[in-house]
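Visitor: My questions concern the predicted model and sequence given below.
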Amino acid sequence: MSSRSITFRSEAQTRGHVANAIVAIGVFVVVALFVPPQSPLPWKMLVVAVGVVLATWSLYAARTFGVTATPRGIVVRNPFSCREVPWNQVARFEMMESWPFTAVLRTTDGGRLKLWAIAGRGASAPAAQLLVSQLNQLKAQSSG
């Protein structure tokens, strides 16, 4: 493997996060418009603030979550965790065949780690499977 780091994430997942951000802002602005006029102003601001926080989280997820292959191993950035797995502890990568249809990193000790940034079902499944194949190729290069 080269000395560069390569980050993998499904394009469909990224588009989904951006769409969630747009919907969150839209929904919460509309909800704020329906807060009765006699309500104190902080309630409207609070409703819009919740939408902004959810939108910001979605955009952060689109930019941050991913699977990064480094010369030392794999770094998995999921919503609530970040874990580095050295190449010698990576057995293989595979797609789950049931919900939530994410990729999984299988470790040599039998453990598994979901890769939330790589998911695919239906039309996006071939693209997710391609990312899994590329990760397996990098694994083969690291041990060869």
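Guide: Sure, I can see it.

Visitor: Give me the most central residue, this protein.
Guide: residue 117 (3.0 Å; C-alpha atoms, centre = their mean).

Visitor: If we ignore the residues flanking it in sequence, what's nearest it?
Guide: residue 9 (4.0 Å; C-beta to C-beta, 6 or more residues apart in numbering). Where you see a C-beta, it was placed from the backbone N, CA and C, and this is true even at glycine.

Visitor: show me what contacts the residue nearest to the centre of the chain?
Guide: For residue 117, the contact set (C-beta atoms under 8 Å, 6 or more residues apart in numbering) comprises 8-10, 13, 65-67, 77-78.

Visitor: try 10 Å
Guide: By C-beta atoms under 10 Å, 6 or more residues apart in numbering, the residues touching residue 117 are 7-10, 13-14, 17, 61-62, 64-68, 76-79, 102-103, 128, 131.

Visitor: Report the contact partners of residue 25.
Guide: Residue 25 neighbours (C-beta under 10 Å, 6+ apart): 48, 51-52, 54-56, 58.

Visitor: Identify the single longest strand in the protein, thanks.
Guide: For the chain, the longest strand by residue count, based on DSSP state E, is strand 112-119.

Visitor: immediately after that one, which helix or strand?
Guide: Sequence order places helix 125-143 as the next helix or strand after strand 112-119, per DSSP states H and E.

Visitor: burial count for residue 34?
Guide: For residue 34, the number of neighbouring residues by other C-beta atoms under 10 Å comes to 8.

Visitor: Phi, psi for it please.
Guide: phi -90, psi 0 (degrees, to the nearest 10).

Visitor: And residue 108, by the same measure?
Guide: Torsion angles, degrees, to the nearest 10, at residue 108: phi -70, psi -20.

Visitor: ok, and what's touching stretch 93-111?
Guide: By C-beta under 10 Å, 6+ apart, stretch 93-111 touches 8, 10, 13, 67, 74, 76, 78, 83, 85-86, 88-92, 112-122, 124-125, 128-129, 131-139.

Visitor: Great, nothing more from me.
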